[in-house]
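Enquirer: My questions are about this predicted structure, shown below with the sequence.
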Amino acid sequence: MRTGEPLPPVGEVLATLATGLWHWDTATELVTVDSEAARLLGLPALQTTLTEAQARARLHPVDWNEIISVVGLAVAERTLAEVRIRIMDEHGRVIRVVRSRSKPSYDKDRQAFQLIGTLQEVTEPTPGTPAGRSAVMGDWRRSREAFLLDAGRALAEARSTEEVLRVAAGLSMPGFSPDGLAVFGVEGDRLTIVGLHGYQPGDGDPFSPMPLDTDYPAAEVIRTGRAVYLSTPTDYKTRYPVMWQLVESFGRQSWAFLPLTVAGRTMGAWMASFAYPVAFTPDERSVLTTVARMLAQALSRAGAAETERALTDGLQRSMLPTLGPQIPGMSVAARYVPTGGGLQVGGDWYDMIPLPGGGRIAFVIGDVQGHDVRAAGLMGQLRIALRAYASEGHRPDAVLSRASRFLHGMADGDPESPDLRFATCLYVEADPATGILDIARAGHPDPAIRMADGTVLTRPTAGGLPLGIDPDADYPTTRITLEPGETMLVCTDGLIETGGHDLESGWQRIRAILEDHKGDLEELADALVQGVHGPSSHHTTGPLADRREDDIAVMLLCRPGEGPGRDDPLTAPPMVRRTMLSVAQAEPERVGVARQHLRELLHDWSSQDQVDSAVLLLSEMLTNVLVHTDADALMQAEVRGTPGNRRMHVEVTDTSDDLPHKRRPGELASSGRGLVLIELLAQSWGVDPRGEGKSIWFELYEDG
C-alpha cells in the first residue's frame, strides 16, 4: 500500500488477519457473524444470523457462563471484555480455542446489552511446557477456579474481622499475587483503615481518617462504587498527583482499588498493590472482583457477628450486679458465662441484695426460659422486681410468691407475646453472723454444700413451681446452717447439663471438681467454669448425643473457718461434719432423700456395714415419727474426729410428747421393731425429752 492511498475496508483487513466480526443484541436474542467468525464457530464460511441458542450450542457451557460474567464486569468498569472460548462440534468435542474481544454497552430503555467484537483463533499450549504454565494461557483458568473455591471456603469460615483480614492477606492469586493489601471502611464522612498487610506500622496513618471527598483512589471507589485500576506509577501520578507524593515512597508498581459492596451498598474499599507491573487484563480483573465480593460478604458477616456479640454481652452484663464490698463473716464469688443459643444472650442471672436491718443479705440465682432478647429483657425486669420485694423486708417465700405473680401477669397482659415464659429461681436469705440460711426454691436445682474436709453434699430443699406458671403458687422455706469452713454452691442448670450431661452425670462432674479443688474461693469459681466450658471439658462429655451448651451462672457462698489454722475456708482441717434435713408429714418421699443424704455424709466411712446400719436406723426413726405422730421430723447427723477414729451421731427430733417404748412384737406383727433394731445395731442410743417434743438418737464408732 502506497502512502496516500485509501485504507482497505475493515472486513478485508480482518479477513486477512483471520479475525472474525460479530454482533450480539440481547434484546432480540440474535447473534450476527461474518464469514470468518462463522468459520471459527465451525459453520459454513458465510455471513449469517444465529439465535442465542444456536450460538450457545457452539460454545463450551462453562465458557458461555464466563462470557456473561465478563460482560457485566466490563459494562460496570467501562472497559473491554476479553475471554477465551472453546468451540465445540456437534459431538461435544473441542475443535479450537478462540479469543473474543468486544466493547459491550447497556441500553437502559431496552434493558439489554449490545456487543460488537472480534473472534481470533489462538493456539492452546501443550500442557507441561513453559507456555502451558503461563499465567494467561491454558491451565490458568483451572488454577483460577481452584483458587476461588479455596478463597471462598476460607473466607466463609472466618468468624471475626481480624480473621477475615488474616485470610485475605494469605491469599495467593494464580499468576499475580499482591504484596500489599489494605481494607478501608467508612465512619460517617471519613475513610478509615480497617486492616493493613505488607506495610510497616504507621504507614497507614496519613490515609486514616481521611475525608471521603479527598482525591484518593479508595475514596473515589467508595463514592462511585466503581473499581480503579492503576497499572503503572505514571497512571497513579497522572490521575492522583497530590496523593502520589504519599504513595511514591512505598515502591509499588501497580494498584487495584475495588469496592466492597453488600446488598447494593458500598461499605468500603479493598486495595491490592503489586511490586511489579500488572496489566489488569479482564481475567485478572474478574478474579480481583470476585475476591472483593467474597471479602465484602465475609467482612459484613464478621462485623455483624461482632456487633451482635458486643451488644448482647453488654446487655447481659449490664443486667448483672457487681458483688460490691466484702461481707463481714462471709465470702462470695460469682461467675456468668454466656455460652449457648441464638443471640448468645439468655435469661440466667444472679444477684446479691442487702436487706433492711440486722446486716442480713439475700442471694438470688435464676434462669428465665429461652435464649433470646425477650428472655434477657424478662430477666432484667424480674431481677428488679425481686430486688424491690426483698428490699421491702418480705421473707423468702413471700418474695418468690410475689415474683411469680409478677412474671405471670407480664405474660398474661401482653397481647403481642402470647407465649408464656417461666423462670426457675433460688432465693437465699443469709445471716452472716450465725451462718443461718433460709432458702426458698422455685423449680431450680438444689444447692450443694462443700464441707471443711472436702465432703460435698447436695442439700435438698423444699420447693414450688417455677415462677410465672401459677400466680398463687406457694414456696416453702428450708432453714439450714452454713458451718465455719463450709461453702455453698448455687448454679443454673447450664453448669450441670452442658456438654451432653443429664442432671445425674453432670452433678458427678461438678462434685469431682468441688472435692478435688485446693485453692481459694475465686479459683474454685474459675475451676467450675473451666471444668464444663474450658478445653478440659471436652474430655468429660456426657452420655447424651445432644451437645448443645447453655448459659452458666454460678454463686459460691463461704463462711470462713474460726480459730488457728482456719484462715483458708477451702483447706481448713476437718473438725465436725454435720447436716440436717426436715421431713414433713405430707412428704413421706423425703425419707428416701434423708437416707441418701446420710450416705453422702458417710461417703468415706471405713465400714460399709456400719453405713448400712445407720441408714436402716435412720429410716426406722423417721418412719416412726410419720406413722405414730402428727408432727414433722427433723434429722440431724454429725461426724466428729479424724478418719479411722470417728464418731457418728444421728438424731431425729419431733414436736410430739409421746415417747417411744420398747415392745415385743409377735412373729406376724408389722411394727414395733424400731427400738429393737436400734438396741441391736447402735453402739449407744437414747431418747431425750425436749421442752416441746423429743429426740431419739444413736451413735456408731468407726473401727479404723
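Expert: Here it is on my side, so go on. Numbering: from 1, shown residues only.
Enquirer: Longest strand of this structure, counting residues only.
Expert: strand 94-107 (DSSP state E).
Enquirer: Show me what that one is packed up against.
Expert: Applying 3 or more C-beta pairs under 8 Å, 6 or more residues apart in numbering; DSSP states H and E, one finds that strand 94-107 contacts helix 61-77, strand 81-88, strand 112-122. C-betas here are computed from N, CA, C, even on glycine.
Enquirer: ok, and which of those has the densest surroundings?
Expert: strand 81-88 (a mean of 20; mean count of other C-beta atoms under 10 Å).
Enquirer: Identify all contacting residues around it.
Expert: With contact meaning C-beta atoms under 8 Å, 6 or more residues apart in numbering, strand 81-88 is reached by 40-42, 57-60, 63, 66-67, 70-71, 73-74, 94-104, 115, 117, 119, 122, 141, 281-283.
Enquirer: what would the helices and strands packed on strand 94-107 look like in a markdown table with distance to Gly152?
Expert: Below are the helices and strands packed on strand 94-107 laid out as a markdown table (distance: least, C-beta to C-beta, whole Å):
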| stretch | distance to Gly152 |
| --- | --- |
| helix 61-77 | 15 |
| strand 81-88 | 21 |
| strand 112-122 | 27 |
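Enquirer: Relative to Leu659, which of those is closest?
Expert: Nearest of the helices and strands packed on strand 94-107 to Leu659, taken as C-beta to C-beta: helix 61-77 at 97.2 Å.
Enquirer: Do me a favour and average the pLDDT over that closest one.
Expert: The average of the pLDDT scores along helix 61-77 is 74.
Enquirer: I'd like to know how many residues surround Asp285.
Expert: You called it Asp, but residue 285 is Arg. For Arg285, the neighbour count with other C-beta atoms under 10 Å is 21.
Enquirer: wait, isn't it in contact with Ser231?
Expert: No: the pair Arg285 / Ser231 is not scored as a contact, 11.1 Å apart, by C-beta atoms under 8 Å.
Enquirer: Quick one: closest of the helices and strands packed on strand 94-107 to Ala305.
Expert: Ala305 lies closest to helix 61-77 among those, at 29.4 Å (C-beta to C-beta).
Enquirer: which other residues reach the closest one?
Expert: Contacts for helix 61-77 (C-beta under 8 Å, 6+ apart): 56, 59, 80-86, 100, 102, 104-106, 113, 115, 226-227, 229, 282, 285-286, 289.
Enquirer: Same check on stretch 623-639?
Expert: Residues outside stretch 623-639 that contact it (C-beta under 8 Å, 6+ apart): 576-585, 588, 591, 594, 597-598, 601-602, 605, 618, 621-622, 646-656, 658, 660, 671, 674, 693, 696.
Enquirer: among those, which are in helices?
Expert: If you go by DSSP state H, the contacts of stretch 623-639 have Val591, Ala594, His597, Leu598, Leu601, Leu618, Met621, Leu622, Gly674 in helices.
Enquirer: Can you name the two of those residues that sit furthest apart?
Expert: By the measure C-beta to C-beta, Leu601 and Gly674 form the most distant pair in the ones in helices among the contacts of stretch 623-639, at 21.4 Å.
Enquirer: returning to that earlier point: could you tell me the angle between the longest strand of the chain and helix 61-77?
Expert: Going by axes from the mean of the first three to the mean of the last three C-alpha atoms, to 10 degrees, strand 94-107 is angled at 30 degrees with respect to helix 61-77.
Enquirer: Mind listing what's buried along strand 94-107?
Expert: Arg96, Val97, Val98, Ser100, Ser102, Pro104 (16 or more other C-beta atoms under 10 Å).
Enquirer: so what's the fifth one up against?
Expert: Residues counted as contacts of Ser102 (C-beta under 8 Å, 6+ apart) are Trp22, Trp24, Val71, Ala74, Leu80, Ala81, Glu82, Leu115, Ile116, Gly117, Thr118.
Enquirer: could you measure it against Glu587, distance?
Expert: 88 Å (C-beta to C-beta, to the nearest Å).
Enquirer: And the helices in the stretch 301-450 of the chain?
Expert: 373-391, 396-412 (DSSP state H, counting those that start in this stretch).
Enquirer: Take the ones you listed and lay them out in TSV including distance to Gly152 and mean pLDDT.
Expert: Output for those, formatted as TSV (distance: least, C-beta to C-beta, whole Å; pLDDT from 0 to 100):
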stretch	distance to Gly152	mean pLDDT
helix 373-391	32	84
helix 396-412	45	87
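Enquirer: Make JSON lines out of those helices and add mean neighbour count and distance to Leu258.
Expert: Converted to JSON lines, the helices of the stretch 301-450 of the chain look like this (neighbours: other C-beta atoms under 10 Å; distance: least, C-beta to C-beta, whole Å):
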{"stretch": "helix 373-391", "mean neighbour count": "19", "distance to Leu258": "36"}
{"stretch": "helix 396-412", "mean neighbour count": "21", "distance to Leu258": "51"}
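Enquirer: Could you dump those into JSON lines with distance to Asp502 added?
Expert: What follows is the helices of the stretch 301-450 of the chain, written out as JSON lines (distance: least, C-beta to C-beta, whole Å):
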{"stretch": "helix 373-391", "distance to Asp502": "23"}
{"stretch": "helix 396-412", "distance to Asp502": "26"}
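Enquirer: Dump the helix or strand hosting Val625 to PDB, restricted to CA.
Expert: Using DSSP states H and E, Val625 maps to helix 608-628. C-alpha atoms of helix 608-628 as PDB (Å, rounded to 0.1, in the frame of the first residue of the first chain):
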ATOM      1  CA  GLN A 608     -19.800 -50.200 104.800                       C
ATOM      2  CA  ASP A 609     -21.800 -52.400 107.200                       C
ATOM      3  CA  GLN A 610     -22.000 -49.600 109.700                       C
ATOM      4  CA  VAL A 611     -23.100 -47.200 107.000                       C
ATOM      5  CA  ASP A 612     -25.900 -49.600 106.000                       C
ATOM      6  CA  SER A 613     -26.900 -50.000 109.700                       C
ATOM      7  CA  ALA A 614     -27.000 -46.200 110.100                       C
ATOM      8  CA  VAL A 615     -29.200 -45.800 107.000                       C
ATOM      9  CA  LEU A 616     -31.600 -48.500 108.200                       C
ATOM     10  CA  LEU A 617     -31.900 -47.000 111.700                       C
ATOM     11  CA  LEU A 618     -32.500 -43.500 110.300                       C
ATOM     12  CA  SER A 619     -35.300 -44.900 108.100                       C
ATOM     13  CA  GLU A 620     -36.900 -46.600 111.100                       C
ATOM     14  CA  MET A 621     -36.800 -43.400 113.300                       C
ATOM     15  CA  LEU A 622     -38.200 -41.100 110.600                       C
ATOM     16  CA  THR A 623     -40.900 -43.600 109.700                       C
ATOM     17  CA  ASN A 624     -41.900 -43.900 113.400                       C
ATOM     18  CA  VAL A 625     -42.500 -40.200 113.600                       C
ATOM     19  CA  LEU A 626     -44.600 -40.100 110.400                       C
ATOM     20  CA  VAL A 627     -46.700 -43.100 111.400                       C
ATOM     21  CA  HIS A 628     -47.200 -42.700 115.100                       C
END
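Enquirer: Okay, angle between it and helix 590-601 too, please.
Expert: Put simply, helix 608-628 runs at 160 degrees to helix 590-601, going by the same axes, to 10 degrees.
Enquirer: And the next helix or strand past helix 608-628?
Expert: Of the helices and strands lying after helix 608-628 in sequence (DSSP H and E), the nearest is strand 633-642.
Enquirer: Please identify the buried residues of that following strand?
Expert: For strand 633-642, by 16+ other C-beta under 10 Å, it's Ala633, Leu634, Met635, Ala637, Glu638, Val639.
Enquirer: Kindly report the same for stretch 604-621.
Expert: Quick answer for stretch 604-621 (16+ other C-beta under 10 Å): Trp605, Gln610, Val611, Ser613, Ala614, Val615, Leu617, Leu618, Ser619, Glu620, Met621.
Enquirer: these two touch, right, the third one and Gln596?
Expert: No: with contacts counted by C-beta under 8 Å, Val611 stays clear of Gln596, the gap being 11.8 Å.
Enquirer: Strands of the stretch 101-250 of the chain, start to end?
Expert: For the stretch 101-250 of the chain, the strands defined by DSSP state E, counting those that start in this stretch cover 112-122, 180-187, 190-197, 210-211, 228-230.
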